[in-house]
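1. Sequence first, then the predicted structure, then my questions.
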Amino acid sequence: MQVLYKVAACVCSFFFVLFFSPLCTRLMLFFFSSFFFGGAMFVFFGTTGTFSPYEHGECYVLDDGGEVDLDLGNYERFLDITLHRDNNITTGKIYKHVMDSERRGDYLGKTVQVVPHITDAIQDWVLRVAKMPTDGTDVEPDVCIIELGGTVGDIESMPFVEAFRQFQFRVGDGPNSENFLLVHVSLIPETTDKEQKTKPTQHSIRELRALGLSPDLVVCRSRTPLDDKVKRKVSMFCHVPTEHVLSVYDCSSIYRVPLLMEREGILSIIKKKMNIDKITVSDVRNEDEDYSGPLLTWRNLADRYESLRRSVKIVLVGKYTALSDAYASVIKALRHSCIEADYKLDLQYVEATDLEEDTKQANPAKYHDSWGKVCSSKGILVPGGFGTRGIEGKIAAIHWARTQNVPFLGICLGFQCAVIEFARNVLGWDGANSTEVDGDTKHPVVVDMPEISTTVLGGTMRLGKRKTIFVKPCVSQKLYADRSEIYERHRHRYEVNPKLISDFEEKGLQFCGRDESGDRMEILELDDHPYFCGTQFHPEFLSRPMRPAPVFHGFILAACGKLKQFIANGRITPTQNLPSSVASTPLKPAGSGQATSEKQEATGTTIASVTLSPVGAVTKTNL
């Protein structure tokens, strides 16, 4: 079997996946080699697990336990594929790999240098991961897309840029090879009088060409559609045909971007440049300028999202609300569920500390404003987090949700806070707490897991997709189509104390979902409440635009007053309209990744694998 590599490389892009998403079908590998701004930290960090959310946003968790940049969440959601930890490449991983190889004597005593050893390691990593399936089959992908993040000229990016300069010759015969397509994404700023300026694009491409890479496509991000004269100017000064200058302007919603890219002609450009005989996208526009197939479904999604009129107010009580990217997947999961429920999301952020007594004394206006948001909401969501800050504020919000019959969803730390609140106010256990917050509490209702280290943070949490078994009938099970078991992604170091479960259940707090041992609590529900649900796992990581996470969907339906009717009619969340072999696939043991603390929790760098087939091709196989 002869393997030819067709590689699409993207330089300077954060949202490249969106540009190629209209091409999503079945057989395409989506691969990213991205790295973040932050200087030397790239040398020392292999994953994003110990980064602060305020640095790079949320830490996204993959099936295999890989802790990666939030961009991989975008790739999985838009392309509906499953990525792996090796799809995320960082400078730290590369340098560690090279140093380990040197210690083993692999270089036979030669001087280890950035060129060729670091650059070769980058290329070898790409070629290895490019063959990894991402659609649940054993079919080797046809396309590899590499996102090289950052900005042209950054010192951090130099080894990667040089690696791909060499790579174009390694997989083909250089820049003109049909096996290599380079896309440059650049911002076209506008002046106050709406004049579009091309100088930044000209300079960045000139710098890129000086480094040995010449773009085949220039994707121009702008507020408004590019003028034809601007396109011609970019074409003239950047050495690309005018039709290869694509205008990606601000759309009414993110779901319009794939449709825009298709209208810009990206399919025909890629097919011609890379000599792809057949692009298996059945949904290009027909002669009547209409869509069919998957793109029709995507267009209907965009139309539906923009036609929503009724809104539902949801309050997110968190610790990192100053940066919405810290809760990127949670916000997306809420949005997916609102679309399915035909409601527009009105999301209000409340900093957990603003609900505490200390804020009432120091800043009464902020305290009352925050509680005003909580009290006027139709649903309260408490997401995950780490550390002691804001715990009492979260518990206070949960107390309001429980006593006022306001729909509630708690995730990870939110799940644990619900247990603490119930122990204090229903069981009467004064001072009940988590050992993470108070190691000397008389009522440790949340404890550290015995197999998990609480002192070494890196790579010591319970991570990845794991099985949850429903042990008693509950609303969550109905939302999951009455399945007996489900698989969801986890990221935690603490758990509900299994010795105290009977005390909670006697008073109405039911732990209806547990792990395979039966001793680790996964899902809780409260008797006689419109919707009071907590999950130890993170359901937001598997939510998709047209298949929302079931517990999120139930939460939004309850907030809209539709849950009882939904269940009574025997309907199921669209996520569960998958074959049982797909939805309940047993998981390989999850590996460990970096842990996180409150001070250091966030995102890292990015590689991603997918399976599509139209954009270029990483591996085209001739038998």
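-> Great, that's in hand. Residues are numbered from 1 along each chain as shown.

2. Poorly predicted segments of this structure, please.
-> Along the chain, the model assigns pLDDT under 70 to residues 1-51, 277-293, 453-459, 572, 575-623.

3. residue closest to the middle of it?
-> Centroid-nearest residue in the chain, with Cα atoms, centre = their mean: Gly73, separated by 1.8 Å.

4. Ramachandran coordinates for the residue lying closest to that one once chain neighbours are set aside?
-> Distances taken as Cβ to Cβ, 6 or more residues apart in numbering place Tyr60 nearest to Gly73, at 4.3 Å, with adjacent residues excluded. Where C-beta positions appear, they are placed from N, C-alpha and C, glycine not excepted. Main-chain torsions, Tyr60, degrees, to the nearest 10: phi -90, psi 140.

5. and Tyr60, what are its bridge partners?
-> Val68 (DSSP bridges).

6. residues contacting it?
-> Neighbour list for Tyr60: 48, 67-70, 72-73, 328-329, 541, 603 [criterion: Cβ atoms under 8 Å, 6 or more residues apart in numbering].

7. Filter the residues you listed down to the ones in helices?
-> If you go by DSSP state H, the contacts of Tyr60 have 72-73, 328-329 in helices.

8. If you rank these by neighbours, which is first?
-> Most neighbours among those, by other Cβ atoms under 10 Å: Leu72, with 31 neighbours.

9. could you redo the ones in helices among the contacts of Tyr60 as a markdown table and give each row distance to Ser370?
-> Shown next, in a markdown table, are the ones in helices among the contacts of Tyr60 (distance: Cβ to Cβ, whole Å):
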| residue | distance to Ser370 |
| --- | --- |
| Leu72 | 32 |
| Gly73 | 28 |
| Ala328 | 22 |
| Ser329 | 24 |
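
10. In terms of distance to Gly464, which of those residues ranks first?
-> Distance to Gly464, by Cβ to Cβ, is smallest for Leu72 among these, at 13.9 Å.

11. Quick one: residues in contact with stretch 505-517.
-> The contact list for stretch 505-517 (Cβ under 8 Å, 6+ apart) reads 419, 422, 426-427, 466-474, 476-477, 486, 496, 501, 504, 520-528, 535.

12. cool, stretch 98-112 as well?
-> So stretch 98-112 is contacted by 117-118, 121 (Cβ under 8 Å, 6+ apart).

13. ditto for stretch 326-336
-> In contact with stretch 326-336 (Cβ under 8 Å, 6+ apart) are residues 53-54, 57-58, 60, 70, 73, 77, 314, 316, 318, 320-321, 324, 345, 347, 381, 383, 411, 538-541, 543-549, 552, 556, 602.

14. Any chance of a ChimeraX selection covering the buried ones in those residues?
-> ChimeraX command restricting the contacts of stretch 326-336 to the buried ones, with burial defined by 16 or more other Cβ atoms under 10 Å:
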select :53,57,58,60,70,73,77,314,316,318,320,321,324,345,347,381,383,411,538,539,540,541,543,544,545,546,547,548,549,552,556,602
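
15. Among the contacts of stretch 326-336, which are located in strands?
-> Among these, the ones falling in strands (DSSP state E) are 60, 314, 316, 318, 345, 347, 381, 411.

16. Could you let me know which of those ends up closest to Arg165?
-> The closest of the ones in strands among the contacts of stretch 326-336, once distances to Arg165 are taken by Cβ to Cβ, is Tyr60, at 29.8 Å.

17. nearest to Val143, of the ones in helices among the contacts of Tyr60?
-> Leu72 (17.1 Å).

18. so the closest one makes contact with Ile89?
-> No. Counting by Cβ atoms under 8 Å, Leu72 sits too far from Ile89 to count as a contact (11.4 Å).

19. Just the ones of the contacts of stretch 98-112 in helices?
-> Ala121.
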